[in-house]
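1. give me a model of this one.
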Amino acid sequence: MSPPFGPNLVGLPSARLASADYAVAPSELRITGVREMNAPLFEMLGLSSDIAEASEALDKYMTAIFGLESQQWRDEAKKSGPCFRWSFVRLLLGWEHDSSSREAAVLKGWVHSRFGLPPAHHREKIAEVSDPFWQSYVADNMASGYHANSIYAQLDLLYEYVQWTMRNLAHPGQTHLRLYRGVDRSSEQIVRRERTKLLRVNSLSSFTTDRATADCFGSLVVSLQAPLTKILFANALLAFFPFRAEREVLLIGGDYPVTIEPPAA
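-> Alright, predicted model coming up:
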């Protein structure tokens with residue numbers, strides 16, 4: 001991937017994280033200090049018996065630590081009235097509307113900061129840091145309003161929550177999750193290593209766990225086994241998230257072995 005990899009906060013070389021070898025045989029990832037500094041959240045999660053209870057624990061913890069309110073997740077920021085606080089949910093909703101939005105740039109910036117994986121696409125393909133679309137990504141990411149209220153720290157907690165929930169409630173004992181993505185033209189993203197087809201995924205991309213949903217978004221469907229450690233968000237894991245029908249998963253980028261399938265008849 002280009003622009004070049006950067007440093008990260010998960011203790012493995014970024015090039016290794018982006019490799020197909022890691023996708024096949026992942027090791028556990030932890031963002032430095034997040035669980036240690038937020039032990040009460042994980043104590044609450046340890047008392048949860050299902051996704052609904054775990055979601056409630058995250059809701060209450062985020063409300064207490066970052067001053068968030070559920071109503072603010074749904075309403076637009078207003079020039080008057082109580083102070084509007086940016087939340088991780090607002091970023092996810094912005095991504096739902098447009099994966100090249102300013103909110104999406106902040107999410108990609110978080111991946112770049114924590115995993116060292118820069119975006120290869122934001123509105124258009126990014127080949128190098130001198131590209132105007134790289135500059136647009138940086139400008140969108142650094143827009144001051146989106147970084148209020150420790151937004152990267154919120155995303156750190158979201159990632160660690162998702163990791164805990166998948167390993168303890170949703171997919172115990174698993175290392176991978178089968179994901180699908182509908183595409184119209186796969187050739188630009190497909191690279192080959194010997195006889196294996198690899199999909200080069202942008203720093204953050206949308207997939208689904210539902211094959212029928214993927215069929216609706218392209219003339220071809222790519223299928224891959226995603227390491228749980230590279231999943232930032234799955235809407236099925238947040239009971240309070242407003243959009244859950246498409247079983248969306250946000251996958252952190254890199255090279256992944258894939259199969260390419262025609263749409264279901």
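
2. what strand or helix carries the closest residue to Met142 other than its chain neighbours?
-> Computed as Cβ to Cβ, 6 or more residues apart in numbering, the closest residue to Met142 that is not its neighbour in sequence is Gly109, at 7.7 Å. All C-beta spots, glycine's among them, are computed from the backbone N, C-alpha and C. For Gly109, the host element (DSSP states H and E) is helix 102-115.

3. now Pro4
-> Per DSSP H and E, there is no helix or strand for Pro4.

4. next one: the closest residue to it other than its chain neighbours from Ala170, what distance?
-> Distances taken as Cβ to Cβ, 6+ apart place Pro118 nearest to Pro4, at 7.5 Å, with adjacent residues excluded. Pro118 sits at a distance of 29 Å from Ala170 (criterion: Cβ to Cβ, to the nearest Å).

5. those two: who's more crowded?
-> Pro118 (24 against 17; other Cβ atoms under 10 Å).

6. and the more buried one, how far from Asp98?
-> 20 Å.

7. burial of the residue lying closest to Asn168 once chain neighbours are set aside, as a residue count?
-> Distances taken as Cβ to Cβ, 6+ apart put Leu45 closest to Asn168, at 7.6 Å, once the chain neighbours are dropped. By other Cβ under 10 Å, the residues close to Leu45 number 19.

8. same question, Trp164
-> Neighbours around Trp164, by other Cβ under 10 Å: 19.

9. residues in contact with it?
-> 42, 45, 54 (Cβ atoms under 8 Å, 6 or more residues apart in numbering).

10. likewise for Ser27?
-> With Cβ under 8 Å, 6+ apart, Ser27 has these contacts: 12, 229.

11. tell me if it really is in a strand.
-> No: under DSSP: H, G, I helix; E, B strand; the rest coil, Ser27 falls outside any strand and is assigned coil.

12. so how far is Arg167 from it?
-> Distance from Ser27 to Arg167, by Cβ to Cβ: 14 Å.

13. where's Pro257 relative to Arg181, distance?
-> 14 Å.

14. and these two? which has more neighbours close in?
-> Neighbour comparison, Pro257 and Arg181: the larger count goes to Arg181, with 24 against 15 (by other Cβ under 10 Å).
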